[in-house]
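> My questions are about this predicted structure, shown below with the sequence.
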Protein chains: 2
Amino acid sequence: MELVNIFYYLAIILIFSKSFGLLSRKIGLPQVAGMVVAGVLVGLLGNLHRDDNFFLWFFMKPTGEEMDILHVFSQIGVVLILFSSGLETNLGDLKKSGFAATMIALAGVVTPMLLGTLGCLAYMNGFSEWGEDKLLNSIFVGTILAATSVGITAETLKELGKLNGKIGQTIMSAAIIDDVLGIIALSIVTGIRGGGASQIWITLLKVFSFFAFSIGFGILLRLYFKWEERKFPHKRRTSIFAFGMCFLFAFCAEKFFDVASITGAYMAGIMLSGLDDTKFVDRKVVVSGYMIFSPIFFSYIGISADFSGFNLSYLLFAITFIVLGILGKIIGCGLTSMPFGFNFKESATVGCGMIARGEVALAVYAAGKSLIAPVNGVDPLVATIILIVFSSILCPSLLKLLFKEKPTELLSPQADNK
Amino acid sequence: MELVNIFYYLAIILIFSKSFGLLSRKIGLPQVAGMVVAGVLVGLLGNLHRDDNFFLWFFMKPTGEEMDILHVFSQIGVVLILFSSGLETNLGDLKKSGFAATMIALAGVVTPMLLGTLGCLAYMNGFSEWGEDKLLNSIFVGTILAATSVGITAETLKELGKLNGKIGQTIMSAAIIDDVLGIIALSIVTGIRGGGASQIWITLLKVFSFFAFSIGFGILLRLYFKWEERKFPHKRRTSIFAFGMCFLFAFCAEKFFDVASITGAYMAGIMLSGLDDTKFVDRKVVVSGYMIFSPIFFSYIGISADFSGFNLSYLLFAITFIVLGILGKIIGCGLTSMPFGFNFKESATVGCGMIARGEVALAVYAAGKSLIAPVNGVDPLVATIILIVFSSILCPSLLKLLFKEKPTELLSPQADNK
């Protein structure tokens, strides 16, 4: 790896993703969609790279280690997005929507998992030629569909100015709970494969311990920050230490509790929400995010998509996978919303708000990769990536459409969000 | 490499470097010194790491790939520092101090190179047992001493609120010119070793082409930004595109012209200085810098120092190397300042402002590593790192002392710089 190339990728990603973000807003889509498309484009242009032609030389393809570094940036990006969501969370609202969100999340995990498993089993002729391996493979593919991308969802809602409304709060809460459920589902699946149901209880214990840890340790740190903001209001140290706490929680979550690092960052944000300096800190998080890390997060999804070797079999599998994944969320979450005081349109909005897949789907894939055989020769990665790209375009588009026609909820003003 | 560990390093570096930065300010040293010491500490604590003891487990040692990633962050840190310096440059002042700065830079490169070469030759008994190899080795060691660290110098001056005074401007200009001279010196030395003086002219041509490129392309981009700031004042896009331009210039400088990437970033900053939105952009650069990248830059220097295998021979070599390196700058730059209208104290300030070594010294070492044999079995890397740590503590300390006793120049207010 040549270090200097990283500057190239930073430059091209920032310029492309902002340009396409603005362009996509111009045609009525959210910026996030444009950023993902920019990433796909950067990846595709990289394939055109040739050493012997100046113009084609210009588009470079990131090597393995360069992709690793972009991956680190993209992970920091999603951690900062979640930290910011946590900081901006109104705990009172979250409590109010807690039970509804849990039920919606549960339905939103179970329905696409079930549909995905059945669909995959059908695709492999698993019903006529039954095999336990086929079933487990299918359950695993279904698990990839379980978790909504909190990052994409949060960014979309933030962009639409809907993060703190009733619907937005419900979607966010459900998306976060559904991450935890998705990770539990993954542990159960890998546990079954590894043999022994005891694994499941250990996982549940870990998740529970993590929340106990983050609330306990978080309360102590919150006391410290309260003291600091009184003694040194609006100082750089507050935001830097808050950043440190965010990364520490992200680290501990994944390292000690096998919980996704983004969940840790979100909890760190929650534990610092509602303080006098919270807005001050959040502003720095937002600036650091949009200046460099978030564009890389969204573009990275696009860049990492490898469309080579794509054929009809892939296409069929991918379409089934995507349709079931999206319908599963809309039906599962939408129907479950209705008993909780949402009208038909609001329920549809909640359902559509949950369709975005992202980092967790990829994490589930990566975690289970060694456990599964390709499905009829098709590696589910490409389908997963297409689902991520497609759903991260579809989710904000649908949300924008559904929110737009509701004139009673006004868009909150966003100072320089262009 | 486990990606999650990066979160650990980010957390510990941010928390340590800010804490030690504040502590060092408390005892009258600049924050930069504390940040470097924090890095040394993180590195040393990492050596205590043991897998079987919880408390010692907590301090982790970055692996090779993890160091690579921290290195990328530290490089982005120094690029942002230079970009910000460029943005804050007053071109009128720079022109005024241009000739003086060039002469000061020249003396500041030649004197430590000469002292370093002679000192190293003496250390190797090169005067009594003459050998061309010994001479070339010594010249190379002298070249490591050539370049002042613009990053550390800029950050120190900024912290002292002296970046835009007459002395500060002269130091900054000289430090930047001296980077270019240092790189030319390196090319000459490697050119001699590689055989053939033609290399030197190619290098000079490249440096000249780089400035022509960056001014030409920079003027075009400046026109674009002028149009943009009129049409969309104070928008995120302006700062993101400016970031993109900064990284693009950093990339082009090193990739096409063999000029250090930091020089590219500085030129990008210069080309965008003095616009209506310059302050707006600079603010975002500064926030992104101090929130994550600058602390990593300063800590990285400390972390990368490896003190194992240090013995008396090392110590003697290191002391000679450091003393000559520091005296060379103070004498060379200080004496040359005197004819240019600086009084004795001001000249001493300029001299002391030039002693900091950093990224370029390491880059020179890395570039020439394959060309030299160890000096009496001593690899000059450890001495270089000690020089960097020591000078980056000494330089700001001396500057603070020298500036403090001049009550006529008032410290510029720095809003939340704590």
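Done, it's in. Numbers count the residues shown, from 1 in each chain, chains lettered A, B, ... in the order given.
> tell me which element A:Ile219 is part of?
Under the criterion of DSSP states H and E, A:Ile219 resides in helix A:198-231.
> Check A:Ala253 too.
Assignment of secondary structure by DSSP H and E places A:Ala253 within helix A:236-257.
> Now do the helices in the stretch 1-150 of chain A.
A:3-26, A:31-47, A:54-57, A:64-87, A:91-96, A:98-123, A:132-144, A:150-159 (DSSP state H, counting those that start in this stretch).
> for the record, mean pLDDT for the third one?
Looking back up the chat, that one is helix A:54-57. Summarised as a single mean, pLDDT over helix A:54-57 is 69.
> same check, this time on the last one
Over the span of helix A:150-159, the pLDDT mean works out to 81.
> do the following helix or strand past it and chain B meet?
Counting by DSSP H and E, the next helix or strand C-terminal to helix A:150-159 is helix A:166-194. No. Judged by C-beta under 8 Å from any C-beta of the partner chain, helix A:166-194 stays clear of chain B, getting no closer than 14.1 Å. Placement of C-beta: from N, CA and C, glycine included.
> Could you list every helix and strand in contact with helix A:166-194?
Helix A:166-194 is packed against helix A:91-96, helix A:98-123, helix A:132-144, helix A:150-159, helix A:198-231, helix A:261-271, helix A:344-353, helix A:359-368, with contacts defined by 3 or more C-beta pairs under 8 Å, 6 or more residues apart in numbering or on different chains; DSSP states H and E.
> which one of the helices of the stretch 1-150 of chain A lies closest to A:Gly264?
helix A:64-87 (8.1 Å; C-beta to C-beta).
> how about the CA coordinates for that closest one, as CSV?
The C-alpha trace of helix A:64-87 is given here as CSV (Å, rounded to 0.1, in the frame of the first residue of the first chain):
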residue,chain,number,x,y,z
GLY,A,64,-6.8,-4.9,-0.2
GLU,A,65,-5.1,-2.8,2.4
GLU,A,66,-6.5,0.4,1.1
MET,A,67,-9.9,-1.1,1.3
ASP,A,68,-9.1,-2.0,4.9
ILE,A,69,-8.3,1.6,5.7
LEU,A,70,-11.5,2.8,4.0
HIS,A,71,-13.3,0.2,5.9
VAL,A,72,-12.0,1.6,9.2
PHE,A,73,-13.1,5.1,8.1
SER,A,74,-16.5,3.8,7.1
GLN,A,75,-16.8,2.1,10.5
ILE,A,76,-15.9,5.3,12.3
GLY,A,77,-18.5,7.0,10.1
VAL,A,78,-21.3,4.7,11.2
VAL,A,79,-20.1,4.8,14.8
LEU,A,80,-20.3,8.6,14.7
ILE,A,81,-23.7,8.5,13.1
LEU,A,82,-25.0,6.3,15.9
PHE,A,83,-23.3,8.4,18.6
SER,A,84,-24.9,11.5,17.2
SER,A,85,-28.3,9.7,17.1
GLY,A,86,-27.8,8.7,20.7
LEU,A,87,-26.9,12.3,21.7
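> Give me the distance from it to the chain's centre.
Taking C-alpha atoms, centre = their mean, to the nearest Å, one finds helix A:64-87 lying 11 Å from the centre of the chain it belongs to.
> same check, this time on stretch A:319-332
Relative to its chain's centre, stretch A:319-332 lies at 17 Å (C-alpha atoms, centre = their mean).
> Within range of chain B, give me the residues from the stretch 51-200 of chain A.
Close to chain B, as judged by C-beta under 8 Å from any C-beta, the stretch 51-200 of chain A has residues A:Glu65, A:Asp68, A:Ile69, A:His71, A:Val72, A:Gln75, A:Ile76, A:Val79.
> again, only using 6 Å
Residues of the stretch 51-200 of chain A lying near chain B by C-beta under 6 Å from any C-beta of the partner chain: A:Ile69, A:Val72.
> Just want the most central residue of chain A.
A:Ser149 (2.6 Å; C-alpha atoms, centre = their mean).
> The residue nearest to that residue when sequence neighbours are not counted and A:Ile144, how far apart?
Of all residues not flanking A:Ser149 in the chain, A:Gly358 sits nearest, at 2.8 Å (C-beta to C-beta, 6 or more residues apart in numbering or on different chains). As judged by C-beta to C-beta, to the nearest Å, A:Gly358 and A:Ile144 stand 12 Å apart.
> between the helices of the stretch 1-150 of chain A, which gets nearest to A:Ser261?
helix A:64-87 (6.1 Å).
> ok, and for stretch A:115-126, which residues are buried?
The neighbour-count check on stretch A:115-126 (16 or more other C-beta atoms under 10 Å in any protein chain shown) flags A:Leu115, A:Gly116, A:Thr117, A:Gly119, A:Cys120, A:Leu121, A:Tyr123, A:Met124, A:Gly126 as buried.
> I figured A:Tyr162 was touching A:Ile171, is that so?
No Tyr there; residue A:162 is Lys. No. At 8.5 Å, A:Lys162 and A:Ile171 do not qualify as touching, with contact defined as C-beta atoms under 6 Å.
> Give me the more crowded residue out of those two.
A:Ile171 (34 against 24; other C-beta atoms under 10 Å in any protein chain shown).
> Which residue is the nearest non-sequential neighbour of the more buried one?
Nearest non-adjacent residue to A:Ile171, counting by C-beta to C-beta, 6+ apart: A:Gly353, 3.8 Å away.
> same check, this time on A:Val40
Of all residues not flanking A:Val40 in the chain, A:Gly302 sits nearest, at 3.7 Å (C-beta to C-beta, 6+ apart).
> next one: A:Ile12
In space, A:Ile12 is closest to A:Val42, 6.0 Å off (C-beta to C-beta, 6+ apart).
> what's the burial count for the one you found?
A:Val42 has 24 neighbours, counted by other C-beta under 10 Å.
> where's it relative to chain B, distance?
To chain B, A:Val42 is 13 Å away according to C-beta to the nearest C-beta, to the nearest Å.
> For the residue of the stretch 251-400 of chain A found nearest chain B, which residues are in contact?
Closest contact between the stretch 251-400 of chain A and chain B, by C-beta to the nearest C-beta, is at A:Phe251 (3.9 Å). A:Phe251 makes contact with B:Val4, B:Phe7, B:Tyr8 under the criterion C-beta atoms under 6 Å, 6 or more residues apart in numbering or on different chains.
> Counting neighbours, which of these comes out on top?
Result: B:Phe7 is most packed of the contacts of A:Phe251 (other C-beta under 10 Å), 27 neighbours.
> what sits against it?
By C-beta under 6 Å, 6+ apart, B:Phe7 lies in contact with A:Phe247, A:Ala250, A:Phe251.
> Can you give me the pLDDT of it?
Note for B:Phe7: predicted pLDDT of 94.
> same check, this time on the one 10 residues further on
According to the model's per-residue confidence, B:Ser17 sits at a pLDDT of 93.
> next one: the one 4 residues further on
With respect to pLDDT, B:Gly21 scores 89.
> hang on, the earlier thing: the residue nearest to A:Ile12 contacts A:Ile301, correct?
No. Counting by C-beta under 6 Å, A:Val42 stays clear of A:Ile301, with 11.2 Å between them.
> For the residue located most distally from the centre of chain A, grab phi and psi.
Within chain A, A:Asp52 marks the point farthest from the mean C-alpha position, 39.1 Å out by C-alpha atoms, centre = their mean. Main-chain dihedrals, A:Asp52, degrees, to the nearest 10: phi -100, psi 10.
> Kindly report the same for A:Ile355.
Per-residue torsions, A:Ile355: phi -80, psi -20 (degrees, to the nearest 10).
> per-residue confidence for A:Gly334?
94.
> show me what contacts it?
Residues near A:Gly334 by C-beta under 6 Å, 6+ apart: A:Ser347, A:Ala348, A:Gly351.
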